[in-house]
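Trainee: Okay, here's the prediction I keep looking at, along with the sequence it came from:
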Amino acid sequence: MLEARDIHLAGRLAGVSACIAPGQLTAICGPNGAGKSTLLAALAGLVAPQDGKVLLHDQPLAALPRQVRARTLGYLPQQASVAWDLSVRTLVALGRLPYASGAAEDARAVATALSTMMLEELAERPVSTLSGGELARAHLARVLAGEPRWILADEPLAGLDLAHQTSLLAHLRDLADGGQAVVLVMHDLAAAMNWADRVIVLHCGRVVADDAPDVALAGDVLAAVWQVKAEWMGQPGARALGLRRQT
Ligand SMILES: Nc1ncnc2c1ncn2[C@@H]1O[C@H](COP(=O)(O)OP(=O)(O)OP(=O)(O)O)[C@@H](O)[C@H]1O
């Protein structure tokens, strides 16, 4: 279990507790500035709370050796950047840095990640020549190449077209079904409703809902948190959000 226990960070998180379980796809949703990215970074051990704890299997995350943490937790930041004009393959191979598993094993993991993100044809291209969505897929492939047990991704769907969004969600869903933990910060509430096992809703640095998607994203929560009048339409697994015009 990966757990945030009553974590505080001035102006960002005001006593947030959340348990992330393996074998689940967890969505973190909320309006702009609600604290989603801060919570995700804290769960990845990259932001230290001023108060409270982040625990992995009941051990403080901060006490884990960096290399073990890097192998265990795969983190995709909201605005990933690349300092050098690497090829896509080299960028993805950076995901293998925490390992010393040998060239063949690294090459296999990189090839799998490139294939999963449908990047094989772009593998030798410099990243400076990629479109925004292609670059987003390359960054995610870097995380997947590390084969982390816990995947923490901040808005991985941003910039992806519908086909790539759907195939990425299906892949992450498969990883969760296979026992990995997948945590996604998402603004697309319909995607969260249709793909997540569980949704944590943050508002003003607090958890206001933490439940199955149809409960956590019920109409009254949407009204209270997002200030929208909306209702869910369609069948489970294919829900769409109908927004009513505000008058
Ligand atoms: N490094 C920082 N120092 C101080 N305040 C910060 C810092 N980063 C974020 N904040 C503030 O903390 C609050 C939460 O930010 P955070 O990025 O976690 O929100 P978010 O829910 O991910 O938002 P968005 O949907 O816009 O990406 C915001 O008010 C933001 O301005």
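Mentor: Received the coordinates, thanks. Because the structure is predicted, anything quoted here is derived from the model rather than measured. Numbers count the residues shown, from 1 in each chain.
Trainee: The ligand contacts on this structure?
Mentor: Contact residues (C-beta under 6 Å from any ligand atom) of the chain with the ligand: 11-12, 30, 32-38. Where C-beta positions appear, they are placed from N, C-alpha and C, glycine not excepted.
Trainee: List only buried entries from those residues.
Mentor: Those of the residues of the chain next to the ligand that meet the buried threshold are 12, 30, 34-38, by 16 or more other C-beta atoms under 10 Å.
Trainee: how deep is Asn194 tucked in, by neighbour count?
Mentor: 18 (other C-beta atoms under 10 Å).
Trainee: So it is in contact with Gly234, correct?
Mentor: No. Asn194 lies out of contact with Gly234 (C-beta atoms under 8 Å); the separation is 9.0 Å.
Trainee: ok, back up a step: I'd like to know which of the residues of the chain next to the ligand is nearest to Lys53.
Mentor: Within the residues of the chain next to the ligand, the smallest distance to Lys53 is 15.4 Å, found for Thr38 (C-beta to C-beta).
Trainee: Can you get me a residue count around Gly242?
Mentor: Residues near Gly242, counting by other C-beta under 10 Å, number 11.
Trainee: That one falls within a strand, correct?
Mentor: Yes. Judged by DSSP: H, G, I helix; E, B strand; the rest coil, Gly242 forms part of a strand.
Trainee: Pretty sure it sits against Gly234.
Mentor: No. Between Gly242 and Gly234 there is no contact under C-beta under 8 Å: 9.2 Å.
Trainee: if we can go back for a sec, what's the farthest-apart pair in the buried ones among the residues of the chain next to the ligand?
Mentor: Once C-beta to C-beta is applied, those give Arg12 and Gly30 as the farthest pair, at 12.2 Å.
Trainee: Right, I'll leave it there.
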